[in-house]
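S.K.: sequence unknown, structure follows:
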């Protein structure tokens, strides 16, 4: 059994309107939320052995902060194709992975669309409802994958969990 973790980047900053979207950093909330999601991965024992990360600044920063909480170094691949990618493009990249537990850090709407389309009939109904309704920043969807990565298809994985920051009892007001 393999596991796929889809993590949307943490909250980014819009403070500098001159920056290209690609170069937007994490904002104060994102800087605090990303390490908490890393701690949640550790607490649940959902430790990736490979990370596929969009090369945008906010996704790289999210991964850095998540990875700093993990007990062991996890190699990361920064794939240009993941920046603002569609569900199909992300799935294509996932199919090339060589990992037992893979984490993908990217952007909406592609990540949310992929999560909805990957979920098979055996998926957790509450998790599916959650990911279908909204996949906010720092949200995490976890899938159990029985197929080889190369054979993974839409409707081909069991969605087991969808965790949003508010599910951890964390609200925006908690970050000032």
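M.R.: That came through fine. No experiment lies behind these values; they were computed from the predicted model shown.
S.K.: quick one, phi/psi of residue 122?
M.R.: Note on residue 122: its backbone torsions stand at phi -90, psi 10 [degrees, to the nearest 10].
S.K.: Would you confirm that it contacts residue 157?
M.R.: No: Residue 122 is beyond contact range of residue 157, at 9.3 Å (criterion: C-beta atoms under 8 Å). To be clear about C-beta, it is placed using only N, CA and C from the backbone, and glycine gets the same treatment.
S.K.: Pick out whichever of these two has more residues nearby.
M.R.: Set residue 122 next to residue 157 and count neighbours by other C-beta atoms under 10 Å: residue 157 wins out with 27 against 10.
S.K.: Leaving out the residues flanking it, which one is nearest to that one?
M.R.: residue 143 (4.0 Å; C-beta to C-beta, 6 or more residues apart in numbering).
S.K.: Can you list the strands that the one helix or strand that neighbour maps to pairs with?
M.R.: Counting by DSSP states H and E, the element that carries residue 143 is strand 140-145. With DSSP bridges as the test, strand 140-145 is paired with strand 2-8 (antiparallel), strand 158-163 (antiparallel).
S.K.: what sits up against it?
M.R.: If you take C-beta atoms under 8 Å, 6 or more residues apart in numbering as the criterion, strand 140-145 is touched by 1-8, 37, 40-41, 46, 111, 115, 118-119, 127, 131, 135, 152, 156-164.
S.K.: what about the residue nearest to residue 14 when sequence neighbours are not counted, how many neighbours?
M.R.: Closest residue to residue 14 apart from its sequence neighbours, by C-beta to C-beta, 6+ apart: residue 24 at 7.1 Å. Applying other C-beta under 10 Å, we find 19 residues neighbouring residue 24.
S.K.: and what of the one 3 residues further on?
M.R.: Number of residues near residue 27 (other C-beta under 10 Å) recorded here: 18.
S.K.: Go ahead and confirm it touches residue 15.
M.R.: Yes: assessed by C-beta under 8 Å, residue 27 is found in contact with residue 15 at 7.3 Å.
S.K.: which residues in this protein form helices?
M.R.: 28-44, 57-67, 87-94, 110-118, 125-133 (DSSP state H).
S.K.: So which of these is nearest residue 101?
M.R.: helix 28-44 (9.5 Å; C-beta to C-beta).
S.K.: can you list the residues that contact the closest one?
M.R.: With C-beta under 8 Å, 6+ apart as the criterion, helix 28-44 contacts 5, 7, 9-13, 26, 47-48, 58, 61-62, 64-71, 137-138, 140, 163, 165, 168, 170, 172, 175-176.
S.K.: next one: stretch 147-155
M.R.: So stretch 147-155 is contacted by 2, 4, 87, 91, 94-99, 102, 117-121, 145, 156-157 (C-beta under 8 Å, 6+ apart).
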